[in-house]
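A.B. asks: sequence below, structure please.
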Amino acid sequence: MSKLFSGKVALITGGSRGLGAATAAALADRGADIAITYVASEQKAQAVVEGLRAKGVRAIAIKNDQGDPTAAESLIREVTDTLGRLDILVNNAAVAWQGKTIDAPDIDNAAMDRQWAINTLGVIANIRAAVKVLPDGGRIISVGSGLGSRIGFPGTTDYAASKAAVLGYSKGAARDLGARNITVNVVQAGIMDTDMAAASKDNLPPIVLASHAIQRFATVEEVAAAIVYLAGPDAGFITGSVLNVDGGFTA
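C.D. replies: Numbers count the residues shown, from 1 in each chain. Have a look, this model is predicted:
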């Protein structure tokens, strides 16, 4: 496989499983050195790191709570101190706490606030910290959701809004960073075959898959391929854009 990213360093938040781990593997296959973050699953994160190192690249795992925006500066500093630089930031870490309408008497407002902190404020903090060290031509890709553009069913308000906010911030950042040729884009994923989705796979309301033109779960590799493309040299003139990998949910 072409070592397209040889000499580059990529940080993937939430890289111990699912899409984050698949993205880390895909970038490592193409020569990138990798930093991933995790919150609780140190054993899983170290297993991912061992797999990445087996591909012949440098790799580290950093414990980081994206729900604490003040942790972003130290995260970026640890990446650059250990791996020497940062070229690609992939904001992948997120939570999806859905299912309650905003007028439900038992909605967990504290959980909704925590979701905002992780999905939105943490992503913004990562971007602000990363732009201090990214070189001209660097890449920022945030993982969004089709729900950030289209609300297909009730019970997703706070989650959808958290993803829509990242989309708006990314468009603004693309304008701000254009003079440095740093691209800022969002990959809006549809429902994916991940550990998080597996827990509710058998209980999904029929409307969820029915809202997709291609009525199946995406593989994490399909979504990771879009991230890798936006991180590469062929995407140098794409910024402030949304790449929907959602099986036609937003069609």
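A.B. asks: tell me where the chain has strands.
C.D. replies: Counting by DSSP state E, the chain has strands at residues 9-12, 33-38, 59-63, 88-91, 139-145, 183-189, 242-245.
A.B. asks: partner strands of the fourth one and their direction?
C.D. replies: Applying DSSP bridges, strand 88-91 is found paired with strand 9-12 (parallel), strand 139-145 (parallel).
A.B. asks: sorry, back to before: the strands of the chain into CSV, with extra columns for distance to Thr23 and mean pLDDT?
C.D. replies: Quick note: C-beta positions are derived from backbone N, CA and C, even for glycine. As requested, these are exported to CSV (distance: least, Cβ to Cβ, whole Å; pLDDT from 0 to 100):
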stretch, distance to Thr23, mean pLDDT
strand 9-12, 5, 98
strand 33-38, 9, 98
strand 59-63, 13, 98
strand 88-91, 6, 98
strand 139-145, 9, 97
strand 183-189, 10, 97
strand 242-245, 12, 96
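A.B. asks: now those strands as TSV including distance to Leu177 and mean neighbour count?
C.D. replies: Converted to TSV, the strands of the chain look like this (distance: least, Cβ to Cβ, whole Å; neighbours: other Cβ atoms under 10 Å):
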stretch	distance to Leu177	mean neighbour count
strand 9-12	17	28
strand 33-38	21	27
strand 59-63	24	19
strand 88-91	12	28
strand 139-145	8	27
strand 183-189	6	26
strand 242-245	17	19
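A.B. asks: can you pull the pLDDT of Gln215?
C.D. replies: Reported pLDDT at Gln215 in the predicted model: 88.
A.B. asks: in a markdown table: the strands paired with strand 88-91, plus distance to Gly232.
C.D. replies: As requested, these are arranged in a markdown table below (distance: least, Cβ to Cβ, whole Å):
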| stretch | distance to Gly232 |
| --- | --- |
| strand 9-12 | 11 |
| strand 139-145 | 8 |
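A.B. asks: thanks again, I'm all set now.
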